[in-house]
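Colleague: Here is a sequence together with a model predicted from it:
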Amino acid sequence: MISLLKRVRLKYPHLAWYFFFLIVGLPGIVQAQTVSKYIVVDQFGYRPGSEKIAVIRNPITGFDAAESFTPGDNYALVNVSDNSQVYSGTPEIWNGGNEDTSSGDKAWWFDFSTYDTPGNYYVLDIDNNVRSYEFTINENVYAEVLKHAVRTFFYQRAGYSKPAQYAGEDWADNASHLGPLQDTECRRYDDKNNASTERDLSGGWYDAGDYNKYTPWTANYIIGMLNAYESNPDIWGDNYCLPYSGNGTPDLIDEIKWGADHLLRLQEPDGSLISVVSLAGASPPSSATGQSLYGGVNTTSALASAAAYAYAARIFSDLGMSSYSNTLLEAAKKAWDWADANPNVIWKNNSAEYNSVGIGAGQQETDDYGRFAYKIRAAVHLYQTTGDAKYKTFVESNYQDVHLMSWNYAFPFEEENQQVLLHYASLPGVSSEVASSIKSTYKAAMESTNNFSAFYSEVDPYTAHLADYVWGSNHIKARKGLMFMDYIAYTDGSDKYDDATKAAERYLHYIHGVNPLNFCYLSNMYDYGADNGVNEFYHTWFGDGTDWDRVGTSTYGPAPGYLVGGANPSYDWDGCCPSGCGGATCDATQRSRIVGQPSQKAYDDFNTSWPMNSWSVTENSCGYQVGYIQLLSKFVPSGSQLSCEVNVTTGIQPSAGNEHVTLHPNPTDGVLKIMTREPAEVKVYNVLGSLVIDQKIATNGQIDMKDLPNGIYQVCLFKDGQKVYQGKVVKR
């Protein structure tokens with residue numbers, strides 16, 4: 001059983017470094033060691049057979065340079081259930097004690113990989129009497145995390161109701177952008193008063209923290225989810241606690257179809273595709289009333305969509321949905337034919353040159369190489385789905401111009417382009433010479449300085465080497481992990497199966513907390529294993545000052561499971577700062593927390609908009625999300641058991657034994673509602689184990705905690721003298 005005080009929603013996350021965690025018994029109390037921010041682990045945990053390394057850090061450069069930590073010689077892995085030390089050893093210094101410039105830290109490794117007994121644990125520095133956050137060792141350790149990562153697409157759905165029984169009361173909302181002149185009555189960007197331009201362009205996903213829907217990127221997300229499904233189809237359940245759970249189709253497939261349906265609406269009769277749908281913003285999304293407008297067509301959108309249509313047609317055919325598959329395949333052929341005949345139709349959104357200022361936010365248009373790469377991708381999937389030789393001819397006549405081949409270089413910014421070539425090389429009927437050339441080039445490229453060579457040289461103390469930290473670095477981390485899994489899947493890489501798997505999994509560990517911030521880069525995952533993670537991020541719904549602003553301080557906090565952009569050393573405030581922004585706040589302290597930091601420390605947990613421009617650090621993206629889902633899904637076994645009973649208050653899966661009890665709001669300012677199906681006696685204990693409240697409640701009763709000091713309490717429910725529930729609550 002996970003510690004009862006694990007995953008506390010902290011009001012001030014930076015205070016987590018110094019917080020004393022306590023384990024409450026029946027109802028006595030046992031004091032545990034101080035949690036140290038200098039001992040970092042994957043906060044969710046590890047598979048039994050995986051590498052398991054706790055990184056111990058001593059900050060040298062950056063915002064925490066004035067701090068220091070020297071580990072003791074004696075470390076232990078401690079079983080939470082009985083505080084027994086099940087494994088011990090001495091940390092090994094990383095790189096001879098030299099500072100790592102990417103993080104500004106010196107480091108040690110405590111490797112407990114050989115210990116594989118399932119359970120809940122923490123790493124203890126015996127000499128300093130400090131420890132890590134708790135974590136789980138279990139084969140299914142990432143199954144629940146994957147579920148919530150996928151569920152973010154449900155929250156991102158445009159024009160789709162989020163009922164409380166599926167979204168949780170905190171994130172329930174009516175369908176958005178379905179009002180007058182919105183998505184079902186969408187008009188052309190340059191003729192918005194002309195009713196004859198109206199199109200039903202409903203559906204799809206809010207692309208990121210903005211609500212706009214970009215066609216090429218929507219196509220990419222569909223392809224990414226299709227790849228995640230096809231790579232490991234047995235892991236995808238129909239039990240993700242969504243409105244469409246239990247319909248006999250894996251929830252991921254339902255999500256893919258939602259995106260594909262929207263993509264079909266974007267296609268014009270001639271085969272071209274509208275490039276962007278620009279949506280109004282508001283919080284919550286259903287309160288947005290502004291007009292929806294669509295942009296022009298372009299070659300980029302047609303080629304990206306042709307690939308998605310063709311790939312989806314094959315998968316839906318395999319699932320027995322032949323009529324829908326045929327519709328998708330016809331759309332793919334039309335999109336290809338239009339793009340082939342119109343190879344250079346350019347249209348840019350949010351551009352004065354194209355009279356499109358204000359349409360969308362990000363730029364969906366690409367360059368000549370980008371369009372070429374999309375055409376290769378489309379040709380590969382059309383060839384596999386149709387067997388038509390013309391698509392094969394295009395690939396084999398042009399594949400050498402893909403950067404992997406022309407540069408003999410593999411890197412995470414082009415993982416999707418590399419992967420599609422490798423996929424082509426695995427298909428029956430392709431030229432053996434072409435297939436061999438692709439595989440051998442990739443294998444050689446993976447031996448380069450930043451790939452296997454970096455892994456074997458252990459160049460990163462946090463184990464997940466990245467040569468360049470840029471906007472969206474967490475996405476690049478995920479793609480980097482996928483490169484190693486591509487090596488296994490497509491190059492007959494059995495000679496390096498163990499090393500490639502280990503290397504790939506390290507990138508998950510980084511995202512889950514093995515980084516110099518000891519920070520889980522997923523939002524609001526305290527109920528599912530994280531201890532210190534994303535409390536706020538740039539998103540229109542969960543924006544600064546809204547009821548969803550921040551975990552523990554706003555009424556609700558953001559929904560769980562979103563992957564944020566991550567460390568970005570190129571971040572800066574707007575150029576109008578520090579004093580020329582018309583009175584808008586330029587926070588120099590906030591800026592200094594990121595600007596000038598070592599690359600891996602160039603992050604902070606904030607969501608203020610212009611002129612502080614938090615979006616370049618903390619914004620989510622469906623692109624980040626789908627890359628992470630693809631990687632995470634590689635490490636989830638078939639048949640993972642997940643409950644589909646949803647906690648109406650919080651949208652979470654209740655823990656075993658607690659299915660009929662919820663506490664709300666949590667954190668609370670005073671009155672705590674206790675939703676229970678039967679009357680009970682409630683006993684509340686403070687962190688010293690003292691009984692502070694003892695009262696009886698009826699079904700769905702409440703207690704008043706407003707006179708109690710701020711802190712963490714254990715709420716225990718008794719029936720006939722037997723304890724039937726125990727949970728934590730934060731009083732603030």
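Modeller: In hand now; what should we look at? Everything numeric here is computed off the predicted structure, so don't read it as measured data.
Colleague: name the element Asp605 belongs to?
Modeller: Remark: Asp605 resides in no helix or strand, with elements defined by DSSP states H and E.
Colleague: Just list the residues touching it, thanks.
Modeller: By Cβ atoms under 8 Å, 6 or more residues apart in numbering, Asp605 lies in contact with 13, 519, 534-537, 618. Yep, even glycine has a C-beta here, placed from its N, CA and C like the rest.
Colleague: Just those: which are in strands?
Modeller: Among those, the residues falling in strands (DSSP state E) are Val534.
Colleague: Of the contacts of Asp605, which is the nearest to Lys333?
Modeller: The closest of the contacts of Asp605 to Lys333 turns out to be Phe537 (Cβ to Cβ; 40.0 Å).
Colleague: Please tell me how far that closest one sits from Asp572.
Modeller: 18 Å (Cβ to Cβ, to the nearest Å).
Colleague: what about the two, which has more around it?
Modeller: Neighbour totals were compared for Phe537 and Asp572, and Phe537 leads with 26 against 15 (other Cβ atoms under 10 Å).
Colleague: Go ahead and report the secondary structure state at Tyr122.
Modeller: strand (DSSP: H, G, I helix; E, B strand; the rest coil).
Colleague: Quick check: which element contains Thr34?
Modeller: Going by DSSP H and E, Thr34 is part of strand 29-35.
Colleague: Give the next helix or strand downstream of that strand.
Modeller: strand 39-40.
Colleague: model confidence over that following strand, on average?
Modeller: Looking at strand 39-40 alone, the average pLDDT works out to 98.
Colleague: number of nearby residues for Val730?
Modeller: Neighbour number of Val730 under other Cβ under 10 Å is 17.
Colleague: my read: it touches Thr668, true?
Modeller: Yes: at 7.2 Å, Val730 and Thr668 qualify as touching, with contact defined as Cβ atoms under 8 Å.
Colleague: any idea how far Val715 is from the spatially most central residue of the chain?
Modeller: Nearest to the mean C-alpha position of the chain, by Cα atoms, centre = their mean, lies Leu563 at 2.9 Å. Per Cβ to Cβ, Leu563 is found 31 Å from Val715.
Colleague: List the buried residues for stretch 86-104?
Modeller: 87, 91, 94, 99-100, 102-104 (16 or more other Cβ atoms under 10 Å).
Colleague: Ok, stretch 62-72 next?
Modeller: For stretch 62-72, by 16+ other Cβ under 10 Å, it's 62-64, 69, 71.
Colleague: With stretch 187-198 instead?
Modeller: Those would be 187-189, 197, for stretch 187-198 by 16+ other Cβ under 10 Å.
Colleague: which two in the buried residues of stretch 62-72 are spaced the farthest apart?
Modeller: The widest separation within those (Cβ to Cβ) is 21.2 Å, between Phe63 and Pro71.
Colleague: show me the contacts for Gln702.
Modeller: By Cβ under 8 Å, 6+ apart, the neighbours of Gln702 are 671-674.
Colleague: could you point out which element follows the helix or strand containing it?
Modeller: Taking DSSP H and E as the criterion, Gln702 maps to strand 701-704. Counting by DSSP H and E, the next helix or strand C-terminal to strand 701-704 is strand 711-719.
Colleague: Alpha carbons of that following strand, as CSV, please.
Modeller: This file holds the C-alpha atoms of strand 711-719, laid out as CSV (Å, rounded to 0.1, in the frame of the first residue of the first chain):
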residue,chain,number,x,y,z
GLY,A,711,-1.4,21.3,7.6
ILE,A,712,-2.0,17.7,6.7
TYR,A,713,-4.5,15.5,8.4
GLN,A,714,-5.6,11.9,8.2
VAL,A,715,-9.4,11.3,7.8
CYS,A,716,-10.5,7.9,9.0
LEU,A,717,-14.0,6.4,8.8
PHE,A,718,-15.2,3.7,11.1
LYS,A,719,-18.2,1.4,10.9
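Colleague: How is the chain divided into domains?
Modeller: 36-137, 517-620, 661-731 (automatic domain parsing).
Colleague: so can I have JSON lines of the ones you listed showing distance to Arg479?
Modeller: Converted to JSON lines, those look like this (distance: least, Cβ to Cβ, whole Å):
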{"stretch": "domain 36-137", "distance to Arg479": "18"}
{"stretch": "domain 517-620", "distance to Arg479": "12"}
{"stretch": "domain 661-731", "distance to Arg479": "36"}
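Colleague: Assign the residue nearest to Pro461 when sequence neighbours are not counted to helix, strand or coil.
Modeller: Excluding its sequence neighbours, the residue lying closest to Pro461 (Cβ to Cβ, 6 or more residues apart in numbering) is Ala107, at 3.5 Å. Following three-state DSSP, we place Ala107 in the strand state.
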